[in-house]
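[1] the sequence isn't on hand, but the structure is:
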């Protein structure tokens, strides 16, 4: 059974940094494409970054200059490194996985419960 557990969220001031982690279990994460999504209250879920099986990554234009995605296959863990955070980055951040390459499309098969990120000005 595929399980994804996010951690690392919190409350920080604008300009700060956070690193989100997504621990995957129940499958070998090398076999799956994984992604980070976020959803703010009243807004649709949007793709932030993705990591495909071949190691290629996609990062949304809106955060490309500030966020990076990485993966530790030995630990079955996906990371989202967020720098120079802004109040508009405030959202629930979700990790997702799918055998198919979905990149930033929010139709992954498996989802975590999310971790809250709150940025104050």
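    Received it, and whenever you're ready, just let me know what you need. Worth saying up front: this structure is predicted, and the values here are computed from it rather than measured. Residues are numbered from 1 along each chain as shown.

[2] surely residue 69 is within a strand?
    Yes - counting by DSSP: H, G, I helix; E, B strand; the rest coil, residue 69 is found in a strand.

[3] any idea what it is bridged to?
    residue 80 (DSSP bridges).

[4] wait, it touches residue 77, no?
    No - when contacts are counted by CB atoms under 8 Å, residue 69 is not listed as touching residue 77 (11.7 Å). Glycine gets a C-beta too; all of them are placed from N, C-alpha and C.

[5] pLDDT below threshold where in this structure?
    Along the chain, no part satisfies pLDDT under 70.

[6] grab the most central residue of it for me.
    Centroid-nearest residue in the chain, with CA atoms, centre = their mean: residue 36, separated by 2.3 Å.

[7] after the helix or strand hosting it, next one along is what?
    Taking DSSP states H and E as the definition, residue 36 sits inside strand 33-39. Next helix or strand after strand 33-39 toward the C-terminus (DSSP H and E): strand 46-51.

[8] that next one - contacts with which helices or strands?
    When contacts are defined as 3 or more CB pairs under 8 Å, 6 or more residues apart in numbering; DSSP states H and E, strand 46-51 sits against strand 33-39, strand 57-59, strand 67-72, strand 77-82.

[9] for those strands, give me CSV that also has distance to residue 108.
    Output for those, formatted as CSV (distance: least, CB to CB, whole Å):
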stretch, distance to residue 108
strand 33-39, 6
strand 57-59, 13
strand 67-72, 14
strand 77-82, 12
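
[10] which secondary structure elements does the strand holding residue 36 contact?
    Short answer (3+ CB pairs under 8 Å, 6+ apart): strand 33-39 packs on strand 18-25, strand 46-51, strand 77-82, strand 91-98.

[11] one more time with 6 Å, if that's ok
    strand 46-51, strand 91-98 (3 or more CB pairs under 6 Å, 6 or more residues apart in numbering; DSSP states H and E).

[12] just want the angle from that strand to strand 18-25.
    130 degrees (axes from the mean of the first three to the mean of the last three CA atoms, to 10 degrees).

[13] who's in contact with strand 33-39?
    45, 47-53, 78, 80, 91-94, 96-98, 101, 106 (CB atoms under 6 Å, 6 or more residues apart in numbering).
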